[in-house]
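> Give me the fold of what follows.
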Amino acid sequence: MKTPIDYFSGTDPRIERGKEHLLSDIVFITIAAVICGAQIWNDIEDYGESKKEWLKQYLKLPNGIPSHNTFNRVYSILEPTELESCFF
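Modelled structure (predicted):
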């Protein structure tokens, strides 16, 4: 059975050398942060940092919590229709 995170692991448009964070980690942190009231990229980064120990139970976080700039960059290159299909 697939976990919700599995649906976001195959749609990563980033080039290999630029991947310091897993797309599934970025998406999970974003969803959790927005559910908890985050409205801007800085809020999402702050949420991740404040919940880092909890997030480590579920995510790999190979290079820690992504910066607000990383969240912004990743979401700016994601194809909205592909992201939407992952949610469905």
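
> Quick check: closest non-adjacent residue to residue 6.
Distances taken as C-beta to C-beta, 6 or more residues apart in numbering put residue 24 closest to residue 6, at 7.6 Å, once the chain neighbours are dropped. For glycine as for every other residue, the C-beta is placed from the backbone atoms N, C-alpha and C.

> With residue 65 instead?
residue 48 (3.7 Å).

> Mean confidence (pLDDT) on the host helix or strand of that neighbour, please.
According to DSSP states H and E, residue 48 maps onto helix 41-50. Across helix 41-50, pLDDT averages out at 98.

> For that helix, name the packing helices and strands.
Of the remaining helices and strands, those touching helix 41-50 by 3 or more C-beta pairs under 8 Å, 6 or more residues apart in numbering; DSSP states H and E are helix 23-35, helix 68-77.

> The residue nearest to residue 6 reaches residue 30, doesn't it?
No. Residue 24 lies out of contact with residue 30 (C-beta atoms under 8 Å); the separation is 10.8 Å.

> measure the most centrally placed residue in the chain to residue 58 for me?
What sits nearest the mean C-alpha location of the chain, by C-alpha atoms, centre = their mean, is residue 26, with 1.2 Å. To residue 58, residue 26 is 13 Å away according to C-beta to C-beta, to the nearest Å.
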